[in-house]
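In: sequence first, predicted coordinates after that:
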Number of protein chains: 2
Amino acid sequence: MAEEKALIPRSEDFSAWYNGVVQRGELAGYSPVRGCMVIRPHGYAIWELLQSALDARFKETGHQNAYFPLFIPESFLKKEAEHVEGFAPETAVVTHGGGKKLEEPLVVRPTSEAIIWPIMADWIQSYRDLPLLINQWANVVRWEMRTRPFLRTLEFLWQEGHTAHATEEEAEAETLLILGIYRSFMEGWMAMPPVTGVKAEWDKFAGAVRTYACEAMMQDNWALQAGTTHNLGQNFARAFDVKYQTEAGAHEYVWSTSWGVSTRLVGGLVMSHSDDVGLVLPPKLAPIQVVVVPIWSSDEQRAQVLEAVHRLEQRLAGRVRIKVDDRDTLNPGAKYYEWEGKGVPIRVEVGPKDIAKQQVMAVRRFTRDGRRKIALPEGEAAARLPEMLEEMQGELLETAVRRREENSYRGITDYEEFKRIIAGPGGFIYTGYCGAESCETRVKDETKATIRVIPDEDFRSDSFPATCVCGGKASHEVVWARAY
Amino acid sequence: MAEEKALIPRSEDFSAWYNGVVQRGELAGYSPVRGCMVIRPHGYAIWELLQSALDARFKETGHQNAYFPLFIPESFLKKEAEHVEGFAPETAVVTHGGGKKLEEPLVVRPTSEAIIWPIMADWIQSYRDLPLLINQWANVVRWEMRTRPFLRTLEFLWQEGHTAHATEEEAEAETLLILGIYRSFMEGWMAMPPVTGVKAEWDKFAGAVRTYACEAMMQDNWALQAGTTHNLGQNFARAFDVKYQTEAGAHEYVWSTSWGVSTRLVGGLVMSHSDDVGLVLPPKLAPIQVVVVPIWSSDEQRAQVLEAVHRLEQRLAGRVRIKVDDRDTLNPGAKYYEWEGKGVPIRVEVGPKDIAKQQVMAVRRFTRDGRRKIALPEGEAAARLPEMLEEMQGELLETAVRRREENSYRGITDYEEFKRIIAGPGGFIYTGYCGAESCETRVKDETKATIRVIPDEDFRSDSFPATCVCGGKASHEVVWARAY
């Protein structure tokens, strides 16, 4: 049972608040293995909802799941020069198996391109086998030094898509299709509206031609890179000799992509919506959407109240993920505290007075207007509760969009102003950009802000300043922010 | 595209036949990592169906999923003496991370007791926190020397349940509850009826007090250990100091269990039902239950046939997993060959002659009576096809039960007869048993048969011989077989 103690507020220490929400919500915990978290049942249930919604979208668009080995022979990782440079320093390496030293060390996958392509090369003979659209749900390991639950862990769970196409255009279209799926999922399910765009040349995935990203604004106005899609060109096809026979009989390298989102999304969900009381979950991703707490002070009342409560449960079964908390070992106040911390969107209280009035009290976890508690006539509750969940889902998204826009600054040219914003409220700063890596390096050293993306059309300003924050000539627009 | 070549028949070389079915069905393939398979999309889709059916049963019975670290510090594995003795010789060990040698090597989990209990110990304070019912879907690694797709691989996917209880009786009840879930799943979904029972003392899980197993008979009359549940007593609670406060205020060790099934089940499915043509799948676990192959020889016919085919698809949508194979690049014969090899239970052929007769031709992948091809009036097809799938599911189970019974031998006392059966047709041999490990060792050395289980009540003979096969006095009955 959680002890009732207040969280450190967001305004005081965002990072401590985050850890507090994760702990109070029983989402994850530390483990005896450095940098590895344990995902607790409530956190895992959220991940399962995320997974199943995304998996359905991948399958609708023709992707199939498969499973590839956890281990990558070290020599395979080295076949794509940029890839190994990016990943080798952060790998975990198996040197012994079955009591013996291995002839060749095995790397625990940090991402699977280097084991997937040598295998999928055999699945592709002709243009008829393309496109090949594969996804894998798996664990990966990256030897991170500073870790935080969900946001950055040594081992994490993710999905990684790997696709092969006959043409460059099809690979690019796939990269954008998935970026769109990620974006609409983050908006429609997570109520976490990202800005999408292209990563700078020096910030792309190791081995990619082009990387697109979803960058979502957290409540501290920092950016969270929440999902990426990579156009890999023919880089991996050349490294692993993945060719197909064209209709005309020629042999050509395939064009490939990869893309992924991870358990990091759960961290993003926490930092997007939760408050100083604890976790707030968008109803679509809440393992329990409605918790019903019966209230009684005598055995007679208990029977009467439980009867009403189970009537309501039956009416909502199959339409809403509902739980009746009829534990005898806790008083109602302790139950309220527990479910608030776990982010249950609506709590329904039913006591003798409510029964007398033929009503139930519905208490929403999040409201924009502060009117949290509403009496619902018993006959209307079954219809109203699903509507209330939809309303809450919509309001969470609107609130997040408004927060993002209120903390976005466009057309900034004055570097001093730029620094004031980053040091002060923080936010997404849209500026003109000269295109030089050295310019970003300087800004990063001085302010810790980095270029998140060159924004996509939907996010681009109508026009951008002709001058970069460094004073040089701007060639395009970029979005800057402090980032996780 | 698969080349049309015949499989080696079961009667000739069962092992080569198995590999052929797995390959023809595109279920799995070898990988460049010794002993690690790649699960191809069709094989993975079967695993997903298995997973989701089992997961629903676990959740219905109050279990919650969570996720624990892949790595186990070497010192943790050593805390339970029998456990480390059983597993240490077959572990993969990470000695380097992030470019540096680790202070303490990390073992890639072969099973998770040694990392789960130190973590879950913190989740348990009082009797109110019990029972704690946790399950994990994960990959594990055991350094096997001789591997075969699905049946024995270095890395495999599985679920591992881990539960804590206040009393010995509750732990035993959990062990039996899950054994029952496994058995009814294997019967009802896989049409693979196992014999259940207790493992001999020297054959139980490393660290368990008692191990129960499901032993299914494959078509070569060998046994496949398809699932196990372990009553761990207080062994792991003592090793990892997992205590709870009783209602009276005392501090006691919890009683724990663990249980698992793995991707091995897919291998069992193959060896239970498939024939010399290729894969046969029980409809409940077939990713595609009905494949529709349109037949045409002119564009006009094509349009007409496709219209009828899509009409049928719409009628069956949501009730049956149906796929219309309207590829222009393959002729109908090649399509039949492909879907037969993938074990699609029913193929529906629709050509111009069928349209003229307002019918479709349904061809079942498996029948007991040889009547594979049935003309269905178009108006009845939508109702008949789901019924045909149910009939096939039932007939597969009946066939498997009959096969098991026909190849079970009860009341065997003569060791020469025992040896003849094992060397000849093979099967499950029920005998009286003296209880000595040395007796099993001798029989195993001489015949390669091992004791599978002491059978549960449902499988026990009405009476068993008073003499063991070794000639000694029998104290109970056991089931012998060659086993995977």
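Out: Alright, I've got the coordinates.
In: does residue A:113 touch residue A:80 like I think?
Out: Yes: with contacts counted by CB atoms under 8 Å, residue A:113 reaches residue A:80, the gap being 7.2 Å. All C-beta spots, glycine's among them, are computed from the backbone N, C-alpha and C.
In: mind naming the longest helix for chain A?
Out: Within chain A, and with DSSP state H defining each element, the longest helix by residue count is helix A:378-406.
In: would you map the strands across the stretch 351-484 of chain A?
Out: Using DSSP state E, counting those that start in this stretch, the strands assigned to the stretch 351-484 of chain A run over residues A:359-364, A:373-377, A:408-412, A:428-433, A:450-455, A:476-481.
In: I'd like to know which elements the third one is packed against.
Out: What it means is strand A:408-412. The contact analysis (3 or more CB pairs under 8 Å, 6 or more residues apart in numbering or on different chains; DSSP states H and E) places strand A:408-412 against helix A:415-423, strand A:428-433.
In: only C-alpha atoms, please: export it in CSV.
Out: The C-alpha coordinates for strand A:408-412 follow below in CSV (Å, rounded to 0.1, in the frame of the first residue of the first chain):
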residue,chain,number,x,y,z
SER,A,408,6.5,28.2,-29.1
TYR,A,409,8.4,31.2,-30.2
ARG,A,410,8.5,32.0,-33.9
GLY,A,411,10.7,34.3,-35.9
ILE,A,412,13.4,34.8,-33.2
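In: each with direction, which strands does that strand pair with?
Out: strand A:428-433 (parallel) (DSSP bridges).
In: ok, and what's touching the strand it pairs with?
Out: Surrounding strand A:428-433, the residues in contact under the criterion CB atoms under 8 Å, 6 or more residues apart in numbering or on different chains are A:195, A:215, A:217, A:221, A:223, A:404, A:407-413, A:418, A:421-422, A:439, A:449, A:451-452, A:454-455, A:461, A:464-469, A:474-481.
In: equivalent analysis for stretch A:48-61, please.
Out: With contact meaning CB under 8 Å, 6+ apart, stretch A:48-61 is reached by A:65, A:133, A:135, A:137, A:159, A:161, A:177, A:181, A:185, A:189-190, A:261, A:265-266, A:284-287, B:65.
In: and the angle from the longest helix of chain A to strand A:359-364?
Out: Between the axes of helix A:378-406 and strand A:359-364, defined by axes from the mean of the first three to the mean of the last three CA atoms, to 10 degrees, the angle is 10 degrees.
In: avg pLDDT for helix A:378-406?
Out: Here the mean pLDDT over helix A:378-406 is 97, rounded to a whole number.
In: for it, which positions count as buried?
Out: Using 16 or more other CB atoms under 10 Å in any protein chain shown as the test for burial, helix A:378-406 gives A:378, A:381-382, A:384-386, A:388-389, A:392-393, A:395-397, A:400, A:403-404.
In: cool, stretch A:159-179 as well?
Out: When neighbours are counted by 16+ other CB under 10 Å, the buried residues of stretch A:159-179 are found to be A:159-166, A:170-172, A:174-179.
In: was I right to think residue A:183 contacts residue A:214?
Out: Yes: taking CB under 8 Å as the definition, residue A:183 is a contact partner of residue A:214 at 5.8 Å.
In: before we move on, back to that, which residues do residue A:113 and residue A:80 both contact?
Out: Looking at what touches both residue A:113 and residue A:80 (by CB under 8 Å, 6+ apart), the common residues are A:207, A:236.
In: hmm, back to that, inside strands: which ones of the buried residues of stretch A:159-179?
Out: A:159-165 (DSSP state E).
In: closest one of the residues you listed to residue A:277?
Out: When these are ranked by distance to residue A:277 (CB to CB), residue A:159 comes first, at 31.8 Å.
In: contacting residues around the closest one?
Out: Each residue near residue A:159 by CB under 8 Å, 6+ apart is listed here: A:51, A:54-55, A:58, A:135-138, A:260-262.
In: could you report the neighbour count for the closest residue to chain B within the stretch 351-484 of chain A?
Out: Using CB to the nearest CB, the single residue of the stretch 351-484 of chain A nearest to chain B is residue A:484, 19.9 Å away. The number of residues packed near residue A:484 is 18, by other CB atoms under 10 Å in any protein chain shown.
In: residue A:270 too?
Out: Residue A:270 is surrounded by 29 other residues when neighbours are defined as other CB under 10 Å.
In: so it makes contact with residue A:22?
Out: Yes: contact criterion CB under 8 Å: residue A:270 and residue A:22 qualify, at 6.4 Å.
In: leaving aside the residues next to it on the chain, what's closest to the residue of the stretch 301-450 of chain A found nearest chain B?
Out: When CB to the nearest CB is the measure, the stretch 301-450 of chain A has its nearest residue to chain B at residue A:329, with 5.5 Å between them. Beyond its immediate neighbours in the sequence, the residue positioned closest to residue A:329 (CB to CB, 6 or more residues apart in numbering or on different chains) is residue B:128, lying 5.5 Å away.
In: from residue A:337, how far off is that neighbour?
Out: 15 Å (CB to CB, to the nearest Å).
In: of those two, which one has the most company?
Out: Just comparing residue B:128 and residue A:337: by other CB under 10 Å the higher neighbour count belongs to residue A:337, 19 against 13.
In: mind listing the helices for chain A?
Out: Using DSSP H, the helices of chain A run over residues A:14-24, A:41-60, A:74-77, A:81-87, A:113-120, A:168-188, A:235-240, A:264-273, A:299-316, A:332-341, A:352-356, A:378-406, A:415-423, A:437-447.
In: make CSV out of those helices and add distance to residue B:317.
Out: Listed next are the helices of chain A as CSV, based on distance: least, CB to CB, whole Å:
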stretch, distance to residue B:317
helix A:14-24, 42
helix A:41-60, 14
helix A:74-77, 43
helix A:81-87, 42
helix A:113-120, 31
helix A:168-188, 23
helix A:235-240, 37
helix A:264-273, 31
helix A:299-316, 27
helix A:332-341, 39
helix A:352-356, 44
helix A:378-406, 25
helix A:415-423, 53
helix A:437-447, 52
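In: rank the ones you listed by pLDDT, which is bottom?
Out: Taking each of these in turn, the lowest mean pLDDT turns up on helix A:81-87, with a mean of 87.
In: contacting residues for the most far-flung residue of chain A relative to its centre?
Out: In chain A, residue A:300 marks the outermost C-alpha relative to the chain mean, sitting 47.4 Å out by CA atoms, centre = their mean. When the contact criterion is CB under 8 Å, 6+ apart, residue A:300 has no partners at all.
In: check residue A:361 too.
Out: Residue A:361 makes contact with A:348-350, A:354, A:373-376 under the criterion CB under 8 Å, 6+ apart.
In: if you set the cut-off to 6 Å instead, what comes out?
Out: The neighbours of residue A:361, taking CB atoms under 6 Å, 6 or more residues apart in numbering or on different chains as the test, are A:349, A:375.
In: would you mind measuring from it to residue A:351?
Out: Distance from residue A:361 to residue A:351, by CB to CB: 8 Å.
In: what's the answer for residue A:200, then?
Out: Relative to residue A:351, residue A:200 is positioned 59 Å away (CB to CB).
In: coming back round to it: residue B:119 is nearest to which of the helices of chain A?
Out: Taking CB to CB as the criterion, helix A:41-60 is the member of the helices of chain A that comes nearest to residue B:119, at 12.3 Å.
In: in the closest one, what's buried?
Out: Residues of helix A:41-60 classed as buried by neighbour count (16+ other CB under 10 Å): A:41-47, A:49-51, A:54-55, A:57-58.
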